[in-house]
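> Pasting a predicted model and its sequence here:
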6 protein chains.
Amino acid sequence: MRIKTGIEGFDTLVEGGLLQGRQYLLSGSPGSGKTTFGVQFLATGALEGEAGAYIALSESIDTIRQDMLRYNLHVDELENKKKLFFIDMGPSINYGEYDEISNLITPDYNQQSGESPANTPPTPFSAYKTVETHVKQFGIKRLVVDSLSAIRFTSQNPASEERSIGRFIRNLKNLGCTTILLSELTKPDAYTIEQFASHGVIFLHNFMDKHDNMVRAIQIIKMRGTKHDCEMRAVEFTDKGLKVGKSLKK
Amino acid sequence: MRIKTGIEGFDTLVEGGLLQGRQYLLSGSPGSGKTTFGVQFLATGALEGEAGAYIALSESIDTIRQDMLRYNLHVDELENKKKLFFIDMGPSINYGEYDEISNLITPDYNQQSGESPANTPPTPFSAYKTVETHVKQFGIKRLVVDSLSAIRFTSQNPASEERSIGRFIRNLKNLGCTTILLSELTKPDAYTIEQFASHGVIFLHNFMDKHDNMVRAIQIIKMRGTKHDCEMRAVEFTDKGLKVGKSLKK
Amino acid sequence: MRIKTGIEGFDTLVEGGLLQGRQYLLSGSPGSGKTTFGVQFLATGALEGEAGAYIALSESIDTIRQDMLRYNLHVDELENKKKLFFIDMGPSINYGEYDEISNLITPDYNQQSGESPANTPPTPFSAYKTVETHVKQFGIKRLVVDSLSAIRFTSQNPASEERSIGRFIRNLKNLGCTTILLSELTKPDAYTIEQFASHGVIFLHNFMDKHDNMVRAIQIIKMRGTKHDCEMRAVEFTDKGLKVGKSLKK
Amino acid sequence: MRIKTGIEGFDTLVEGGLLQGRQYLLSGSPGSGKTTFGVQFLATGALEGEAGAYIALSESIDTIRQDMLRYNLHVDELENKKKLFFIDMGPSINYGEYDEISNLITPDYNQQSGESPANTPPTPFSAYKTVETHVKQFGIKRLVVDSLSAIRFTSQNPASEERSIGRFIRNLKNLGCTTILLSELTKPDAYTIEQFASHGVIFLHNFMDKHDNMVRAIQIIKMRGTKHDCEMRAVEFTDKGLKVGKSLKK
Amino acid sequence: MRIKTGIEGFDTLVEGGLLQGRQYLLSGSPGSGKTTFGVQFLATGALEGEAGAYIALSESIDTIRQDMLRYNLHVDELENKKKLFFIDMGPSINYGEYDEISNLITPDYNQQSGESPANTPPTPFSAYKTVETHVKQFGIKRLVVDSLSAIRFTSQNPASEERSIGRFIRNLKNLGCTTILLSELTKPDAYTIEQFASHGVIFLHNFMDKHDNMVRAIQIIKMRGTKHDCEMRAVEFTDKGLKVGKSLKK
Amino acid sequence: MRIKTGIEGFDTLVEGGLLQGRQYLLSGSPGSGKTTFGVQFLATGALEGEAGAYIALSESIDTIRQDMLRYNLHVDELENKKKLFFIDMGPSINYGEYDEISNLITPDYNQQSGESPANTPPTPFSAYKTVETHVKQFGIKRLVVDSLSAIRFTSQNPASEERSIGRFIRNLKNLGCTTILLSELTKPDAYTIEQFASHGVIFLHNFMDKHDNMVRAIQIIKMRGTKHDCEMRAVEFTDKGLKVGKSLKK
């Protein structure tokens, strides 16, 4: 079953949409439009009655909501109708007593002690649990997780890290939602464990070409079970969010 | 003795097929078609009566099976006839009590404690043992291991890691199966220990050329005891899976 | 609400100015003009009655003030009117008794012991507290932090570091100021956690082109909630500070 | 005294052959023909009555022997005449009780414990001792060690590692054999300690040129006491093994 | 107030000279002329009555003095007049009893124990103290420190290292001298903490161009409070030392 | 005072020769001719009555002597006249009882224990002491140390390592010999501490040009107190050793 993203020009590139219940990776550089893509995906479902949730692990939801109001995506209305949720799992905002204490500890003692335990990134398990609670309570069908890189998968062993990410994705699959995992693209030329573990990989590019023009582009790298377009395609921002355009191939 | 892979256009590049009883490495970037190649190899054997097993160490077998049903490879029928097996050795799906406990442990205490021991990647020995059990029980002749990188070969010493991989491959050899070890190609320009230890190395490429076209290609890097084709050749997806085409050389 | 930077040619690139109350990253190589940009931004606000503070974490404020007096920015006058503040949070200047003692300790004992604890970089919490005190006391509306890289965000875990930077930025947001975080651009081709955590990213370049000319340029990489110019544009130093010129695209 | 390798087109490049009693490094990428070069070298000597031994530290000797039977090198006959020996020093094949135990140990405890001690790579001393035993027992004159990288030279100090490799080579020299040390070329553009420590260095290349053709080539990098050819020369596989052809220079 | 370096063709590039009392970084590859630049700067001041000191932290002052006598800089005369000082803070020359003892200690015990404590590099504090003593005793106005990289700023934390360098520079500033800090340019394409911490950065290049000519060049990267030339300019050695020539831009 | 190297075409590039009593670095890739350059330098002095010593820290002196007899350098005769010495400080050749014991120790216990203490590389002090003994006993005036990289300068701190190398060079200076320190050029594009610490730096290149020709070349990178040629010049091997030819510049 194909799930429409509602992003103009995208769904036709992937046989009509994403596969229901799968986990996709959307990876992009700063300012490339990951948040916009994710909210468009949720709003499209919400307008058709499918509840969606945006799990914000680092950015404040006020900022995200404020920026999304610029688009004609009915974000306000959909939130009021309980069809669109912004869930804040970001760091606790206010510095408090614990921080005061740990500030007195010299850096020689413990490099990590400058931060309160309440502020450590979520483990895959705790991130999953929060997501699960909301999914069950509100009947969520579409999920956006912003971002996968904000979850503490760290391990001393690449095979363990791969397994840990794989397990997180398999648990998400159990929830039955179609999920977009946002990810920060730090080294565009390296393949990562996240990409191998996800059912599909989409890149959002924001780079300077040989003529010193900034180019915005989208590219589908991997899409299990789908005959997908492979080209790098122009992306522009319209009043409805992202719009995928023609191929950049020469 | 030569074993046909059944992949159109491939067997003629390697004197008619792979050598019976050897271990081959199939290395590729995300979305390059490693799973499809592996399942085609198994289905070809299964149709001729040779039982085959796909050992899934990270991806869920439901996803793999679902995606493979798109191809005209008789996967369903072959599974029913006990000629094709999908064996799930992936991470345990459900988060449980142990995860709840380890979630409470601060990251200062132990970075690896965020995951239950039942979720650690298999050692070469435990991976081998599971494979051996299935091979003996079902008379498996063709094996696909997805993926070699999901096995815990980690060592503090490159010479030890090489030895550990070499030993795993020599044990597999004892089972008498012709094996394809899938591997995640993370740095396409580096030679790895896996490549030196395997009897053959095949690359599946999925890259952008100078004209910004995505190119799918296959290339045989090494094939012990075989006069093999060396060129980078186009690959396309048909309704029967991968099909190897003409050389990309100019 | 849009906040004018007052930098000639800049505000029109970002829909008239920066968003009130957000945190922007200004990243540049040595000598690229980060300090000048920051002081222009503060002076522009101060002239219109908005108090601004320049938090100097490494450079001496005497040096900064002396260099800024070269520009026609009324720095002296604005400081006297309590509309512009230079706040020194740099390392304590004088070497003292503690240094004498730690000098006797052999390097085998402790590599970090060559510096007095009073000289360790501020934690996010202590940096925030100093900023908060000044903001509340003087009614600061615009902030420049020179530099983000001088704050001790260090962690053994990238996800923790991201969280720690994110938390610092969210706390700054609570103060209600529009903030420019200066940052040292050490590897111009890598995306950093700082860039993902900030609401906008501006690069100041100072590089040699193919014809061995040094080129000064500005480029807006990211600007949440804003349709922004994406081109690399020439920058020159006038008697009022930086001035943004025409696109360098060919 | 010059030792003929018997590889067509090679000996004339090095004043007629290798120097008797010296240690040469043959370094190549996967599938480049290192094993074939080594066995040709041994077979050439064996046919003239000089006993030779192939020390296999990782690959199984069955695989090597099987592959070499493809060539018209009289491998079978020479083995029967006790002029050619394949000596297996590879990892012990069968997984056993020890592996079962170490499998139960959690990865937190010890990363190296997943392998039995009997499976650790040989030290320079133990590798030397095995070689010495065979050399003395069978009157070996030509040696191939496959591969140098499978010996545990590891040290925390580059100068110690260099010394350890140097010592191994000087001990081999005491045995009086002419030796080819096979080595895995992982980073073709870096000079390694092995190359400085050996009396000669030969590269076997297997790379893709600008026109996407795979090119097989040989190149003599260093040859103490010898005026040697320096060019990159084409290599092809004939029924007698490798054959060195004309220069690839344009 | 502008301080003349006396280097022909240089001062006009920086509004007539360096700013009095500031700390400049002169960074160059081996043999690029850093010492010559430094001694010219000191001799120029000394001839006008301003005492100067060359702090040699690694090279012997005999070698420096001998090489500088080749130039027509009146080094001898200025030293006699107590206007120019070469101060040796290099490693103690003679190996002694301590070295004999530590030679017996095995490298397993302690990697650093091969050197006597008297031979460890100066801490920022001890380097500063020696400089301060000479500055006060001889009324030094110009300083050259050869080299900044010979001081033990090492820290486990980049922010601490930056702070430590910044503090050293701020202490030097308290002495009132105009200072040139020589620095070894090991990676010409990376920005370093030293460059961000100094008030100005000058590069001395010594590289091979596309036509395989060695090119000597100077380039001003950063110069706080100064409108400076940005081009890469030819440098030649005359009988008075370095001379800056025309731009290399094409 | 200038010391002739006797290498045809070289001395005229450096004002007639090397400076008496200084320490020069000769850095080259494998097979580039470092040993030949060193022995020519010694033989030239020896023929004029200046005793010279070649300190071999890794290669066996038999190999060096045998290779040098190919050249018309009167090596035999000069050794007999006690004007040329080859001094072996290489690793002890024979594996013995200690190696047998340490072979039994598992690699988990101690990675460095695979080698006997008698086989650890010399410390700067012990290397110096051996050199000093020979210099005093035989009245040595010219020294070649093969190689600097075989001495254990290792330190956890770059500033300490620089100091340790600097101290070794200053001690050598006390002996009054003109010294050539051979060094293995592993990364041709990086500047090393050795290069900053030596009084001169000469590179011997052995590389493939754009037309796939191997090029042998020499280049003087640094030469304190000397107006030196800067170009990359062809090098060829004649019956008298190296000969420097014309510039390779185009």
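Right, received. Where do you want to start?

> What helix or strand is A:Asp62 located in?
According to DSSP states H and E, A:Asp62 maps onto helix A:61-68.

> And that helix, what does it pack against?
helix A:34-47, strand A:51-56, helix A:75-80, strand A:84-88 (3 or more Cβ pairs under 8 Å, 6 or more residues apart in numbering or on different chains; DSSP states H and E). For glycine as for every other residue, the C-beta is placed from the backbone atoms N, C-alpha and C.

> ok, 6 Å please
Helix A:61-68 sits against strand A:84-88, with contacts defined as 3 or more Cβ pairs under 6 Å, 6 or more residues apart in numbering or on different chains; DSSP states H and E.

> do the strand it packs on and chain C meet?
No: using Cβ under 6 Å from any Cβ of the partner chain, strand A:84-88 stays clear of chain C, with a minimum separation of 10.1 Å.

> Give me the mean pLDDT for that strand.
In this model, strand A:84-88 has a mean pLDDT of 96.

> now it against strand A:51-56, angle please.
Angle between the axes of strand A:84-88 and strand A:51-56 is 20 degrees (criterion: axes from the mean of the first three to the mean of the last three Cα atoms, to 10 degrees).

> Let me know the angle separating strand A:84-88 from helix A:34-47.
Orientation of strand A:84-88 against helix A:34-47 (the same axes, to 10 degrees) gives an angle of 140 degrees.

> Which positions in strand A:84-88 come out as buried?
By 16 or more other Cβ atoms under 10 Å in any protein chain shown, the buried positions in strand A:84-88 come out as A:84-88.

> could you redo those residues as CSV and give each row distance to B:Thr5?
Shown next, in CSV, are the buried residues of strand A:84-88 (distance: Cβ to Cβ, whole Å):
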residue, distance to B:Thr5
A:Leu84, 49
A:Phe85, 49
A:Phe86, 50
A:Ile87, 48
A:Asp88, 51
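
> Which ones, among those, also lie beside chain B?
Okay, of the buried residues of strand A:84-88, nothing touches chain B (Cβ under 6 Å from any Cβ).

> Pick the one among those residues closest to C:Pro122.
Nearest to C:Pro122 among the buried residues of strand A:84-88: A:Asp88, at 26.9 Å, using Cβ to Cβ.

> OK, contacts around the closest one?
Listed by Cβ atoms under 6 Å, 6 or more residues apart in numbering or on different chains, the contact partners of A:Asp88 are A:56, A:61.

> Find the nearest non-adjacent residue to the residue of chain A found nearest chain B, please.
Going by Cβ to the nearest Cβ, chain B is nearest to A:Lys222 of chain A, at 2.7 Å. Leaving aside its sequence neighbours, A:Lys222 sits nearest to B:Gly31 (Cβ to Cβ, 6 or more residues apart in numbering or on different chains; 2.7 Å).

> And A:Leu13, by the same measure?
Here the nearest residue to A:Leu13 in space, its sequence neighbours aside, is A:Asp229; by Cβ to Cβ, 6+ apart that works out to 3.8 Å.

> can you check A:Thr238 too?
A:Glu8 (7.5 Å).

> what's the helix or strand for the most centrally placed residue in chain A?
Chain A has A:Leu182 as the residue nearest its centroid, 2.2 Å off, counting by Cα atoms, centre = their mean. Following DSSP H and E, one finds A:Leu182 within strand A:178-184.

> What's the first helix or strand after that strand?
Past strand A:178-184, the next helix or strand by DSSP H and E is helix A:193-197.

> Tell me which helix or strand comes right after that next one.
That would be, after helix A:193-197 and using DSSP H and E, strand A:200-208.

> low-scoring stretches of chain A, by residue?
For chain A, applying pLDDT under 70 flags the ranges A:102-118, A:154-156, A:188-190, A:250.

> does the strand holding A:Leu182 come close to chain C?
Yes: counting by Cβ under 6 Å from any Cβ, chain C is contacted by strand A:178-184 at A:Glu184.

> Fine by me, we can end here.
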